[in-house]
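[1] Sharing a model prediction with you, sequence too.
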Amino acid sequence: MNFTEAKTLAVQLLDDYQLKDWVFKFDHAKRRFGSCNYTLKQITLSKHLTELNSEEQVRETLLHEIAHALTPGDHHGKRWQAKCLELGIKPERCYKSQEVNQPTAKYFLYCSSCELKVPRLRRSNRVFVCKACCQKYNQGRLTEKFKLEWQTA
């Protein structure tokens, strides 16, 4: 969805649900679609995920965050779930990666033993090991023998 249409939709939905002192902004997140900040009275959407997804996905995410704004402090509790149903959306905590287009991974963690490839958006200094290989060849104990290697996509 394009940014102008998404912002127009967001402002309209905030108005529809009487969140007149709330503001909408885009952010640069890649691993979450939206956020709701009670202190700043601000709802944000990921620029990256907005651009890659449909109006339906963007609308559902905005309504998810509006449900948070209308049930302050309830997080993903019963009141928030009821508000989601009232707004016509599924009361689910996070988007499903199979249902939402995501940015292409820049990196992979690669296991040279079993050839597992795990996509990653950013590099880390942490050491990762292949759990499957540790279980199969080392009685489930973690060992750097099955350390995953960073590769550029």
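    Yes, it's here.
[2] tell me how far the helix ranked longest in the chain is from the chain's mean position?
    Longest helix in the chain by number of residues, with DSSP state H as the criterion: helix 55-70. With CA atoms, centre = their mean, to the nearest Å as the basis, helix 55-70 stands 13 Å off its chain's centre.
[3] ok, and what's touching that helix?
    The contact list for helix 55-70, computed with CB atoms under 8 Å, 6 or more residues apart in numbering, reads 1, 5-6, 9-10, 13-14, 17, 19, 22, 33-36, 38, 41, 43-45, 49-50, 74-75, 80, 83-84, 87-91, 95, 99-100. For every residue, glycine as well, the C-beta is placed using N, CA and C.
[4] of the residues you listed, buried ones?
    1, 6, 9-10, 13-14, 17, 19, 22, 33-36, 43-45, 49-50, 80, 83-84, 87, 89, 91, 95, 100 (16 or more other CB atoms under 10 Å).
[5] Next step: the residues you listed restricted to strands.
    Judged by DSSP state E, the subset of these located in strands is Gly34, Ser35, Cys36, Ile43, Thr44, Leu45.
[6] Leaving out sequence neighbours, find the closest residue to Leu121.
    Distances taken as CB to CB, 6 or more residues apart in numbering place Lys30 nearest to Leu121, at 5.1 Å, with adjacent residues excluded.
[7] ok, back up a step: show me the contacts of helix 55-70 that map onto helices.
    Members of the contacts of helix 55-70 lying in helices (criterion: DSSP H): Glu5, Ala6, Leu9, Ala10, Leu13, Leu14, Leu49, Thr50, Trp80, Lys83, Cys84, Leu87.
[8] Between all of these, which two are at the greatest distance?
    Spatial extent of these (CB to CB) is set by the pair Glu5 and Trp80 at 26.7 Å.
[9] Tell me which residues of stretch 140-153 come out buried.
    Phe146, Lys147, Leu148.
[10] Look up how far Val118 lies from the second one.
    To tie it back to what came earlier, the one meant is Lys147. Distance, Lys147 to Val118, by CB to CB, to the nearest Å: 13 Å.
[11] what does the last one give?
    Leu148 sits 7 Å away from Val118, going by CB to CB.
[12] Please apply the same query to Thr8.
    As for Thr8, its distance to Val118 is 38 Å (criterion: CB to CB).
[13] low-scoring stretches of this structure, by residue?
    Counting by pLDDT under 70, the chain shows no low-confidence range.
[14] Domain ranges for it, per the record?
    With domains defined by automatic domain parsing, the chain comprises 3-87, 107-152.
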